[in-house]
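Chemist: Whatever this is, show me its structure:
(one chain, ligands or ions: 3)
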Amino acid sequence: MRNITFHIISYGCQMNVYDSRIIASILSENGYKETADENKADIVIMNTCSVREHAEQRAIGRIGDLQKFREKKPNFLIGVVGCMAQNLGNSIKGADFVVGPSGYRKLPEIIESIFKTKNSSSKKSNAYTLTSNTSLELYSDIFPEPVPAQVRMPASTLHPTAFVSVMRGCNNFCSYCIVPYVRGRARSRPSSDILKEIELLANKGVKEITLLGQSVNEYSYNGINFSQLLMLTDEMLKQVQHDSVPWIKFTTSHPKDMSQELIDAIRDGEKICEWIHLPIQSGSNEVLKKMGRGYTKEKYLDWIYKIRKSIPNIAITTDILVGFHGESDKNFQETLEVIKEVRFDFAYMFKYSERPRTKAYTMKPIVPEKIRIERLEKLINIQNEISYEKSSELIGTTQEVLVLGKSKKGNSLYGKTRQNKTIVFDSSSKITLPLQGDFVEVKIKELRGWTPYGKLLSKKIEPQRTQRKTS
Ligand code: SAH
Ligand code: SF4
Ligand code: F3S
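Modeler: Numbers count the residues shown, from 1 in each chain. Ligands and ions are numbered 1, 2, ... in the order given. Okay, the predicted model is just below:
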């Protein structure tokens, strides 16, 4: 048996994190061994992102850094996969193979053939490139089988939380966004395959499942919509061994596809957690229109009102994009007003980055870089204050936390709540230390930075089912 090791570096969003697990499974099944140590790997695979220019530059820089391994290891391979692989193809320098998001099942074959040619001639060949017209590909083209191989990995290699992709690609073509071009058209996955994957993960002891899609609430397969899929997941998980997966989360929801049915599902599904990620992007109707988002500020605010009315303790997070073409000072002020009004628990905030191929690429007028930076800073300052106040509300409360591991600093542990908030807690108590994957109760004492910090009260509590759902 050969003993070739690989290491995967993931950039970008959760889709890439999920895909990296798929790649790891495919390679493992073909005799390659995953290593957490980049320095020891024979093959380093970079799963890349193209959403902003900066994301591409970082990845390209890293490819350059990785070249140093070539001197020491003559058979060392660098693979670039994911969205930037699809976007830039064989113009990427310094890679041995470049494979877009639809080609992962061919990876073992590709790597094998590169090793063969490497051994048969000393001439360095060009990178093997496999990108495709993703628009027409089906879900089954990406995976060799309906249920991806992550479920066949040994339970010990699985994290307590797992992503499960319910669809790939995106059809929305928001004018600034490259995702539909690099990930292709939206394809929903058969619900039976999704449920099967979740059931298998549940039987392996996974504690939290996050359903993934670029626009997850657009899911539709054979008449089953996303709310129904959530409820089916909730029902199914009550039946599996030990009723084992307590928490179901999902991301990202698109405001234009919101529905009362989805709100009701979050409210009524026992295991469905009180968290929604609903990117607003801008608080200006003019800008939203140019972005092609398909909703107005008023409509967005109406959903926020409805969501909070049904589920008062829900955490709402968002994405905001500033400095988009044509965004006036007044438009930007409107965004600030809206974030003050909604008071998001957390926001990912970005300054607009031009992406070739997108509709917005040639739009005018351009907001100068200096103003983009200023606006982003202003926005971050205001939202940070709100996030801080939101986190402060947790001081004095007792939170149920799923333990995810050791905190980077000191002897603390960290975990997440149903509202998807990260909590750090002191583990120097008399209680036997909880392990990754345990549920614990933590009394929140203070904030350290923005992070609620607390003291461990008890271990292995019965995970909470939603309390409000009987109303
Ligand atoms: N599917 C999700 C977002 C995916 S991309 C949605 O529709 O909300 C994640 C975030 O990156 C987006 O929400 C947006 O805020 C940001 N983004 C996308 N394209 C961008 C660009 N060209 N420049 C800067 N940020 C961008
Ligand atoms: Fe991009 Fe819009 Fe699709 Fe989100 S919904 S991935 S922002 S095109
Ligand atoms: Fe980036 Fe691709 Fe995700 S472009 S944000 S990694 S879908």
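Chemist: what about residue 445, how many neighbours?
Modeler: Look at residue 445: counted by other Cβ atoms under 10 Å, it has 15 neighbours. Glycine gets a C-beta too; all of them are placed from N, C-alpha and C.
Chemist: swap in residue 348?
Modeler: Residues near residue 348, counting by other Cβ under 10 Å, number 12.
Chemist: Provide a list of residues in contact with residue 284.
Modeler: 297, 327, 330, 331, 332, 334, 335 (Cβ atoms under 8 Å, 6 or more residues apart in numbering).
Chemist: element containing the third one, please.
Modeler: Pointing back at residue 330 there. For residue 330, the host element (DSSP states H and E) is helix 329-342.
Chemist: how about that helix, does it reach ligand 1?
Modeler: No: using Cβ under 6 Å from any ligand atom, helix 329-342 never reaches ligand 1; the gap is at least 11.9 Å.
Chemist: roughly how far apart are the closest residue to residue 296 other than its chain neighbours and residue 295?
Modeler: Closest residue to residue 296 apart from its sequence neighbours, by Cβ to Cβ, 6 or more residues apart in numbering: residue 285 at 5.0 Å. Distance of residue 285 to residue 295, computed by Cβ to Cβ, to the nearest Å: 9 Å.
Chemist: give me the residue from the stretch 1-150 of the chain nearest ligand 3.
Modeler: Here the residue of the stretch 1-150 of the chain nearest ligand 3 is residue 12; by Cβ to the nearest ligand atom that distance is 2.6 Å.
Chemist: about what we covered before: of the contacts of residue 284, grab the buried ones for PyMOL.
Modeler: To isolate the buried ones among the contacts of residue 284 in PyMOL, judged by 16 or more other Cβ atoms under 10 Å, type:
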select buried, resi 297+327+331+332+334+335
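Chemist: Could you report the pLDDT at residue 254?
Modeler: pLDDT, residue 254: 98.
Chemist: Double-check it against residue 174; I have them as touching.
Modeler: No: applying Cβ atoms under 8 Å, one finds residue 254 not in contact with residue 174, separated by 9.4 Å.
Chemist: which of those two has more neighbours?
Modeler: Ranked by neighbour count (other Cβ under 10 Å), residue 254 and residue 174 place residue 174 first, with 23 against 20.
Chemist: So for the helix or strand following the helix holding residue 330, what gets flagged as buried?
Modeler: Next helix or strand after helix 329-342 toward the C-terminus (DSSP H and E): strand 346-351. Residues of strand 346-351 classed as buried: 346, 347, 349, 350, 351 (neighbour count, 16+ other Cβ under 10 Å).
Chemist: Same check on stretch 296-304?
Modeler: In stretch 296-304, counting by 16+ other Cβ under 10 Å, buried: 297, 300, 303, 304.
Chemist: Can you add distance to ligand 2 and pLDDT and give the contacts of residue 284 back as CSV?
Modeler: Converted to CSV, the contacts of residue 284 look like this (distance: Cβ to the nearest ligand atom, whole Å; pLDDT from 0 to 100):
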residue, distance to ligand 2, pLDDT
297, 17, 98
327, 16, 98
330, 24, 98
331, 18, 98
332, 19, 98
334, 19, 98
335, 16, 98
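Chemist: between the contacts of residue 284, which is nearest residue 90?
Modeler: Set against residue 90, the nearest of the contacts of residue 284 by Cβ to Cβ is residue 327 (35.6 Å).
Chemist: can you pull out the helices in this structure?
Modeler: For the chain, the helices defined by DSSP state H occupy 14-29, 53-66, 68-72, 83-88, 107-120, 139-142, 179-183, 191-203, 226-239, 260-268, 285-291, 297-310, 329-342, 369-392.
Chemist: Lowest average confidence across the ones you listed, which one?
Modeler: helix 139-142 (a mean of 52).
Chemist: quick one on the thing from earlier: export only the CA atoms of the helix holding residue 330, formatted as PDB.
Modeler: Extracted as PDB, the C-alpha positions of helix 329-342 are listed here (Å, rounded to 0.1, in the frame of the first residue of the first chain):
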ATOM      1  CA  ASP A 329     -23.600  59.100   0.800                       C
ATOM      2  CA  LYS A 330     -27.300  59.200   1.400                       C
ATOM      3  CA  ASN A 331     -27.700  55.500   0.300                       C
ATOM      4  CA  PHE A 332     -24.900  54.600   2.700                       C
ATOM      5  CA  GLN A 333     -26.600  56.500   5.600                       C
ATOM      6  CA  GLU A 334     -29.800  54.500   4.900                       C
ATOM      7  CA  THR A 335     -27.800  51.300   5.500                       C
ATOM      8  CA  LEU A 336     -26.500  52.700   8.800                       C
ATOM      9  CA  GLU A 337     -30.100  53.600   9.700                       C
ATOM     10  CA  VAL A 338     -31.300  50.100   9.000                       C
ATOM     11  CA  ILE A 339     -28.600  48.300  11.000                       C
ATOM     12  CA  LYS A 340     -29.400  50.600  13.900                       C
ATOM     13  CA  GLU A 341     -33.000  49.700  13.600                       C
ATOM     14  CA  VAL A 342     -32.600  45.900  13.200                       C
END
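Chemist: That one vs helix 297-310, what angle?
Modeler: 10 degrees (axes from the mean of the first three to the mean of the last three Cα atoms, to 10 degrees).
Chemist: which secondary structure elements does helix 329-342 contact?
Modeler: When contacts are defined as 3 or more Cβ pairs under 8 Å, 6 or more residues apart in numbering; DSSP states H and E, helix 329-342 sits against helix 285-291, helix 297-310, strand 315-322, helix 369-392.
Chemist: ranking the ones you listed by burial, who's on top?
Modeler: strand 315-322 (a mean of 22; mean count of other Cβ atoms under 10 Å).
Chemist: Close to ligand 3: what parts of the chain are there?
Modeler: Proximity of the chain to ligand 3 is confined to 12-13, 15-16, 49-51, 82-83, 178-179, 182-183 under the rule Cβ under 6 Å from any ligand atom.
Chemist: among those, which are in reach of ligand 2?
Modeler: Restricting these to those near ligand 2 by Cβ under 6 Å from any ligand atom leaves residue 179.
Chemist: nearest spatial neighbour of whichever residue of the stretch 301-450 of the chain sits closest to ligand 2, skipping sequence neighbours?
Modeler: Across the stretch 301-450 of the chain, no residue is closer to ligand 2 than residue 319, which sits at 8.0 Å (Cβ to the nearest ligand atom). Counting by Cβ to Cβ, 6+ apart, residue 279 is the residue found nearest to residue 319 once chain neighbours are left out, at 3.6 Å.
Chemist: Now the one you found: phi and psi?
Modeler: phi -60, psi 130 (degrees, to the nearest 10).
Chemist: Tell me how many other residues crowd it.
Modeler: Other residues within reach of residue 279 by the criterion other Cβ under 10 Å amount to 21.
Chemist: With adjacent residues omitted, what lies nearest to residue 315?
Modeler: residue 419 (3.7 Å).
Chemist: From residue 17, how far off is the one you found?
Modeler: 20 Å.
Chemist: who's more crowded, these two?
Modeler: Neighbours per residue (other Cβ under 10 Å) separate residue 419 from residue 17, with residue 419 holding more: 20 against 16.
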